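Trainee: model the structure of this input:
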Amino acid sequence: MPGDASVEGSAQIIGFLLDRDFMKSVEVEGSTLMSGMAQARRPSGPWLVMGAVVGTTLLGQGFLAVIPDPAAGTKPFWFEAALTFGFAVQLLLLLAWVRYREQRPLASLGLATHGAGQLFLRGAGIAVAFSTIIVLLNVMTGHAELTDFSGAALLPVAILLMGFMVQASTEEIMTRGYIMQGIAWKKGIVVAMVVQTVVFTALHLGNKNINPMAVLNLVLVSVFLGYWALAENGLWGVCAFHAVWNWSQGSLWGSPVSGMYGGTSLFRMVPDPTTGALLSGGSYGLEASVLVTVVLSGGIVVAYRAYRRRTAA
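Mentor: Residues are numbered from 1 along each chain as shown. Sure thing, here's the model as predicted:
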């Protein structure tokens, strides 16, 4: 009976409104990733989102302020372990906030498991390809040379990969996931993209040997990974890219990562000081290279087009 169908439909709508599950089908500007906050029973507004980010960061990594930072150069293992521990605590606190304060599933952050393996492997592969191309261009043009392969570093390098996974995933879940969701839900995707870019860039301004080219590339990688996450409607690809990009720079090719050299790598890229730092990035590492600027600019175009194609479908 039409009347019965109408009553049933009204009951379903009321049920959805009462527990907010109806929001699970709502997309923010065509993005289900950006609708993650709408799945919360107690959603956080933009200001509370930023407060949660600041709070979890300070609680997770605040202890690092009292640990003496080793002198410029190689960072010892204990320092790398302390950094990883800080990121792990920060991530756990943020996940606990999302699950228990906002009362929404962790998968809503962009961590749904369907197709995760394929997306993860693709992100890792692109990262290795990017770093390899940039290193080889430096070597081929005489701006750097590579030392011989070090088989003794295989085990330490594998352990370091796990540390980079924790660090990079924390940053991606916080910026391309939590911040973008919290801002986009109320202010739209463009504002969310700007905010996460500012936050991600600001978090790295204290890195040693940072320079204007490195800052530009921080902005570009924020936009690149932001549109990549939107195009995939998830974070597995960007988490893998970020982790393996950092790992391949430092542990595969032996270049400083954001101004920090870990000291253990399969190869060692040694820039030629007589050729300048434009291609090699100098003491900051590849992330201050103009080659990274070019690669990331192209990546933004590809990621943005992929995002637009998906939303137009």
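
Trainee: can you pull out the strands in this structure?
Mentor: Under the criterion DSSP state E, the chain contains strands at 144-146, 269-271.

Trainee: which other helices and strands does the first one contact?
Mentor: In this case it means strand 144-146. With contacts defined as 3 or more CB pairs under 8 Å, 6 or more residues apart in numbering; DSSP states H and E, the packing partners of strand 144-146 are helix 116-140, strand 269-271. C-beta here means a position set from N, CA and C on the backbone, and glycine is covered the same way.

Trainee: got a list of contacts for the longest one?
Mentor: Right, helix 116-140. Contact partners of helix 116-140, identified using CB atoms under 8 Å, 6 or more residues apart in numbering, comprise 144-146, 232, 234, 236-245, 248-249, 252-253, 255, 269, 271, 279-280, 286, 289, 291-292, 295.

Trainee: only the buried subset of those residues, as a PyMOL command please.
Mentor: Filtering the contacts of helix 116-140 down to the buried ones (16 or more other CB atoms under 10 Å) takes a single PyMOL command:
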select buried, resi 144+232+234+236+237+238+239+240+241+242+243+244+245+248+249+252+253+255+269+271+279+280+286+289+291+292+295
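
Trainee: so which of the contacts of helix 116-140 are in helices?
Mentor: 232, 236-245, 291-292, 295 (DSSP state H).

Trainee: show me the two of those residues that sit farthest apart.
Mentor: Looking at these by CB to CB, the two members farthest from one another are W236 and L291, with 26.5 Å of separation.

Trainee: and the gap between F63 and T175?
Mentor: Distance, F63 to T175, using CB to CB, to the nearest Å: 22 Å.

Trainee: what does S255 give?
Mentor: Here S255 is placed at a distance of 23 Å from T175 (CB to CB).

Trainee: and if you look at N211?
Mentor: Between N211 and T175 the distance is 22 Å, computed by CB to CB.

Trainee: these two: which has the busier surroundings?
Mentor: Neighbours of N211 and T175, each counted by other CB atoms under 10 Å, are more numerous for T175; the result is 26 against 15.

Trainee: measure that one to L160 for me?
Mentor: According to CB to CB, T175 stands 22 Å off from L160.

Trainee: could you list the low-pLDDT ranges of the chain?
Mentor: When residues are selected by pLDDT under 70, those of the chain lie in 1-27, 29-30, 69-74.
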